[in-house]
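Engineer: Predicted structure and sequence below. I'll ask about it afterward.
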Amino acid sequence: QLQLVESGGGLVQPGGSLKLSCRGLTETWGYYAIAWFRRAPGKEREGVSCISSSSDSSVHTSSVKGRFTISRDNTKNTAYLQMDSLTPEDTAVYYCARKSVHYCGDSFRPNEYSSWGQGTQVTVSS
């Protein structure tokens, strides 16, 4: 059963910005940490950013620090990923995922996430 729906992907030029959204379809969405992962062509799935249930903490993988911002609005059951200064290396399918606990921790282990969206394509190209 689909519980997360991503949107906001598209084609953008290098140096541009995109904002992804992840909407939760269950009542318990606000209890759990939410993360964004991505899978680039020919590469392994990679954890990008995570935000705790109450937004009091977030973590980012090193390659996006200072460029990506994760946020959430629990009143709207929605999480966001603001992506700035995009490069072709950011091209990937981006997935949001709901963790089984309220905190992010210090690493991205896919098996700790119980629900996944279907993904949204982000392409950075001139």
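Structural biologist: Structure received.
Engineer: For the chain, just list every one of the strands.
Structural biologist: For the chain, the strands defined by DSSP state E cover 4-7, 10-12, 18-24, 34-39, 46-51, 58-60, 68-73, 78-83, 92-99, 113-116, 120-124.
Engineer: Which one of those strands has the poorest average confidence?
Structural biologist: Here the strands of the chain differ in mean pLDDT, and the lowest is strand 113-116 at a mean of 92.
Engineer: For that strand, which residues meet the burial criterion?
Structural biologist: Buried positions in strand 113-116, judged by neighbour count with 16 or more other CB atoms under 10 Å: Tyr113, Ser115, Trp116. Using the backbone N, CA and C atoms, a C-beta is placed for each residue, glycine as well.
Engineer: Could you dump the strands of the chain into CSV with distance to Ser107 added?
Structural biologist: What follows is the strands of the chain, written out as CSV (distance: least, CB to CB, whole Å):
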stretch, distance to Ser107
strand 4-7, 21
strand 10-12, 28
strand 18-24, 20
strand 34-39, 11
strand 46-51, 7
strand 58-60, 8
strand 68-73, 16
strand 78-83, 18
strand 92-99, 12
strand 113-116, 12
strand 120-124, 23
